[in-house]
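Engineer: no letters, just coordinates:
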């Protein structure tokens, strides 16, 4: 279920390096604790903390109530249009994930939250590319509209490059490649998946490397595909079985250490 990878960014450009490192290793709880003192008074930190806990839900399928509480706190602190727009984007993301994973159908809430975010975030705002990306996810995975998804991913990709949001760029490469693969455009798919993987390795986003390896393996012939999946399985075990939804793709028991 590698299409579940949908959480590329902690809002705001001032994320401390220690937070990024912990997040990259899948230590979302510890990363959120570093932001907790600032999240009591700074909207950007509060939304960033909520985003970390929402990403933990995506990778572990656990911690939904804590993520919801953190998001409500961030929404309460938001004052400017940008702050309210970024909080709405996280609201849409959490509702989308709950729907995608069958926790509860919150599709209408997800769409409404992203529409609210679109009304609040100006076209050139730093949070706009992430909003465009998540609107693409809903179009693709909840709406069954690959053409609309592709248009949203392309806007998100251009915005991510312009704002130098490297991790989001990895995600847009990956999802554009997924659509190319569905269309039988294997050369474009290989290029996109390879770029996504290269970025994740370069920036140390270890928790996202195994899904990127599996995606690339899906458009490669054997024995290269087998090698990529074996490497993904090794990383999956090393990270303690996250993301949990990758187990079926790497043929590894979720409880394997």
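Structural biologist: Now that the structure is in, tell me what you want to look at. The model shown is predicted, which means the values in this text are computed figures rather than measured ones. Numbers count the residues shown, from 1 in each chain.
Engineer: just the buried residues of the host helix or strand of residue 228, please?
Structural biologist: Assigned by DSSP states H and E, residue 228 falls within helix 224-238. Residues 225, 228, 229, 231, 232, 233, 235, 236 are the ones in helix 224-238 that count as buried (16 or more other CB atoms under 10 Å). Quick note: C-beta positions are derived from backbone N, CA and C, even for glycine.
Engineer: ditto for stretch 92-107
Structural biologist: For stretch 92-107, the neighbour count (16+ other CB under 10 Å) marks 92, 93, 94, 95, 96, 97, 98, 99, 100, 101, 106, 107 as buried.
Engineer: average pLDDT for that stretch?
Structural biologist: The predicted model gives stretch 92-107 an average pLDDT of 98.
Engineer: could you do stretch 39-55 as well?
Structural biologist: Across stretch 39-55, pLDDT averages out at 96.
Engineer: roughly how far out does that stretch sit from the chain middle?
Structural biologist: Its chain's C-alpha centre and that of stretch 39-55 lie 15 Å apart, by CA atoms, centre = their mean, to the nearest Å.
Engineer: would you turn the buried residues of stretch 92-107 into a markdown table with distance to residue 167 and secondary structure?
Structural biologist: Below are the buried residues of stretch 92-107 laid out as a markdown table (distance: CB to CB, whole Å; DSSP: H, G, I helix; E, B strand; the rest coil):
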| residue | distance to residue 167 | secondary structure |
| --- | --- | --- |
| 92 | 19 | helix |
| 93 | 15 | helix |
| 94 | 19 | helix |
| 95 | 22 | helix |
| 96 | 18 | helix |
| 97 | 17 | helix |
| 98 | 23 | helix |
| 99 | 23 | helix |
| 100 | 20 | helix |
| 101 | 22 | coil |
| 106 | 25 | coil |
| 107 | 26 | helix |
